[in-house]
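In: Give the three-dimensional model of this entry:
(one chain, ligands or ions: 1)
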Amino acid sequence: MPVVTRFAPSPTGFLHIGGARTALYNWLFAQHHARHGDGGTFLLRIEDTDRARSTQAAVDAIYDGLSWLGLDWDGDAISQFERADQHRAAAERLLAEGKAYKCYCSPDELSAMREAARAEGRKRMYDGTWRDRDPSEAPAGVDPVIRLKAPQDGETVIEDLVQGRVTVANEQLDDMVLLRADGTPTYMLAVVVDDHDMGVTHVIRGDDHLTNAFRQTQLYLALGWETPVFAHIPLIHGADGAKMSKRHGALGVETYRDDGFLPEALCNYLLRLGWSHGDDEIISTEQAIEWFGLDSVGKSPARFDLAKLTNLNGHYIREADDGRLVDLVMERLEQAHPGKLAKEARDRLFKGMAGLKERAKTISELTENSSFYAIQRPIEMTEKAAGHLGPEGSALLRDLRPVFADAESWSDEALMAAAKNFAEAGGIKLGAVAQPVRAALTGNTVSPSVFEIMDVLGREETLGRIDDALGGP
Ligand code: GLU
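Out: Predicted structure coming up:
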């Protein structure tokens, strides 16, 4: 059967990384099957039935987050709220078939049942009061809820692709409410009807939904529909093993974007967080599509490790196309230094990117390290850099200026050769010569090679910066 997966977030907050991982697994599973001629559709359903908590901003954050990660969905996103009529129709059908019933219990009666169940240590709360009662006994003026007439003995079984075979005794499960007294469908009903109508074949989601899967299975059976294949993935835990919270990095994906992570790095990291392919750590999207399967999803919760993600990000920055990195860096620089960028900024960044990207682990770091190329002179100097331009450093720089100005050609190699001759003649180490130059050109104490920087900046700008550092030509 052609594979259809879905991601079904509730738009009550941002798209956090746990949700992003769920989306990724569903997307990869669909892509894998599409590649191997087995259908492969990935659908998006916004579970917006909680009207008080669902916001358009959260829906937009989900669209943006998924698009940024490259997890494109097929067709338009489906709104669960807009499908209430279909949900109701399914409940009405069960009612007509005698597989569901109207329950008129008052809130007081229900809380008395809850108390009694607690006192007797029973899991099942609802005592079935209206299960077999004649509708003619209905109290006047009370709107009933509709409950599923769930099986009372035997067990409900799920053959979960990750968790294995899981069972629950039916006597532990209540006759769940399908429609509330005001006619609105419950979440459990909505999920089942939607997944069925959307043709979902595989439900891949966090294992916090495993208990829901039992009730949903009962509902599928009552409706006479085939159950989808379930795969409940262990949740992501924090580095300390506790359930993931904001403190552990359970943030929206946009926070990771703002902090300078590349989408492919986050995807690679999230992929490995719960799924493995031998010892492979760096896995391209291409390979992931080829290799992904639910049989290699781990059974125990993975721990989120920011240092690992950061290292992986460094790898993807080194791999990334220079032009793309320049765009990302320019966008940040324009925001941070409005009106202060040199008109040559983009060209210089592009020329210098190969040297810059070697040492950055995030786009934020890359931006910070690149800013000296982009900002108009005179550039600002850190205190440490200024330390290299004391009387001694300045004297050295003053002597060096004509050496550079007269260099045979303005190239990395020629400038280095000139500086080497100068250093040898004066009995100084090349590194010592480089420090005041670096301070003058970058305002900093660490950077790519100063000769590379001079090459990128060009003759006029380099000499201008040296003059700025010396307090004028
Ligand atoms: N809306 C649920 C959530 O955001 C997911 C439901 C499902 O995947 O079945 O956790």
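
In: After the helix ranked longest in the chain, which helix or strand is next?
Out: Using DSSP state H, we find that the single longest helix of the chain is helix 17-35. Later in the chain than helix 17-35, the nearest helix or strand by DSSP states H and E is strand 39-46.

In: Could you list the contact residues of the protein toward the ligand?
Out: Listed as neighbours of the ligand in the chain under the rule CB under 6 Å from any ligand atom: 8, 9, 10, 47, 191, 205, 209. The C-beta positions use only the backbone N, C-alpha and C, and glycine is treated the same way.

In: so can I have JSON lines of these showing neighbour count, secondary structure and pLDDT?
Out: Output for these, formatted as JSON lines (neighbours: other CB atoms under 10 Å; DSSP: H, G, I helix; E, B strand; the rest coil; pLDDT from 0 to 100):
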{"residue": "8", "neighbour count": "24", "secondary structure": "coil", "pLDDT": "98"}
{"residue": "9", "neighbour count": "25", "secondary structure": "coil", "pLDDT": "96"}
{"residue": "10", "neighbour count": "17", "secondary structure": "coil", "pLDDT": "94"}
{"residue": "47", "neighbour count": "19", "secondary structure": "coil", "pLDDT": "97"}
{"residue": "191", "neighbour count": "26", "secondary structure": "helix", "pLDDT": "98"}
{"residue": "205", "neighbour count": "22", "secondary structure": "strand", "pLDDT": "98"}
{"residue": "209", "neighbour count": "16", "secondary structure": "helix", "pLDDT": "96"}
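
In: picking up where we left off before, report the distance from the longest helix of the chain to the chain centre.
Out: In this view, helix 17-35 has its centroid 12 Å away from the chain centroid, taken as CA atoms, centre = their mean, to the nearest Å.

In: Same question for stretch 332-351.
Out: Here stretch 332-351 is found 29 Å from its chain centre; the criterion is CA atoms, centre = their mean.

In: what ranges do the strands span in this structure?
Out: All strands of the chain, identified by DSSP state E, fall at 3-7, 39-46, 78-79, 100-103, 145-148, 155-160, 164-169, 177-179, 202-206, 229-233, 236-237, 302-303.

In: Partner strands of the third one, with direction?
Out: Pointing back at strand 78-79 there. Here strand 78-79 is paired, per DSSP bridges, with strand 39-46 (parallel).

In: so what's the closest residue to the ligand within the stretch 51-200 of the chain closest to, chain neighbours aside?
Out: Using CB to the nearest ligand atom, the closest approach of the stretch 51-200 of the chain to the ligand is made by residue 191 at 5.0 Å. Take residue 191 and drop its neighbours on the chain: the residue closest to it by CB to CB, 6 or more residues apart in numbering is residue 216, 6.2 Å away.

In: Residue 322 now?
Out: residue 353 (4.1 Å).

In: and that neighbour, how many residues sit next to it?
Out: Close neighbours of residue 353, defined as other CB atoms under 10 Å, add up to 22.

In: ok now do it, which residues does it touch?
Out: Residue 353 makes contacts with 322, 325, 326, 370, as judged by CB atoms under 8 Å, 6 or more residues apart in numbering.

In: coming back round to it: what number of residues lie near the residue nearest to residue 191?
Out: By other CB under 10 Å, 23 other residues sit near residue 216.

In: May I have the predicted confidence score for it?
Out: Model confidence at residue 216, given as pLDDT, is 98.

In: hang on, residue 3 packs against residue 38?
Out: Yes - contact criterion CB atoms under 8 Å: residue 3 and residue 38 qualify, at 5.7 Å.

In: tell me the contacts of residue 375?
Out: 333, 337, 340, 341, 342, 345.

In: Now do the contacts for residue 100.
Out: Taking CB under 8 Å, 6+ apart, we find residue 100 in contact with 91, 94, 146, 147, 148, 149, 178, 222.

In: Just the buried residues of the residues you listed.
Out: 91, 94, 146, 147, 148, 149, 178, 222 (16 or more other CB atoms under 10 Å).

In: Verify the stated contact: the third one with residue 104.
Out: By that I understand residue 146. No - between residue 146 and residue 104 there is no contact, the gap being 11.0 Å when judged by CB under 8 Å.

In: With residue 351 as the reference, measure out to residue 345.
Out: Distance, residue 345 to residue 351, using CB to CB, to the nearest Å: 11 Å.

In: which of those two has more neighbours?
Out: Neighbours per residue (other CB under 10 Å) separate residue 345 from residue 351, with residue 345 holding more: 22 against 18.

In: Tell me the pLDDT of the closest residue to that one other than its chain neighbours.
Out: Once flanking residues are discounted, residue 345 sits nearest to residue 374: 3.7 Å by CB to CB, 6+ apart. Predicted confidence (pLDDT) for residue 374: 98.

In: which residues does residue 465 contact?
Out: So residue 465 contacts 377, 378, 379, 440, 441, 457 (CB under 8 Å, 6+ apart).

In: Make JSON lines out of those residues and add pLDDT.
Out: Below are those laid out as JSON lines (pLDDT from 0 to 100):
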{"residue": "377", "pLDDT": "95"}
{"residue": "378", "pLDDT": "95"}
{"residue": "379", "pLDDT": "95"}
{"residue": "440", "pLDDT": "98"}
{"residue": "441", "pLDDT": "98"}
{"residue": "457", "pLDDT": "98"}
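
In: Report the separation between the residue of the chain positioned farthest from its centre and the ligand.
Out: In the chain, counting by CA atoms, centre = their mean, residue 425 sits farthest out from the average C-alpha position, at 56.4 Å. For residue 425, the distance to the ligand (CB to the nearest ligand atom, to the nearest Å) stands at 71 Å.

In: can you list the contacts of residue 353 in JSON lines and add neighbour count?
Out: Shown next, in JSON lines, are the contacts of residue 353 (neighbours: other CB atoms under 10 Å):
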{"residue": "322", "neighbour count": "15"}
{"residue": "325", "neighbour count": "24"}
{"residue": "326", "neighbour count": "24"}
{"residue": "370", "neighbour count": "28"}
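
In: Okay, and which of those residues map to helices?
Out: Reading helices off these with DSSP H, I get 322, 325, 326, 370.
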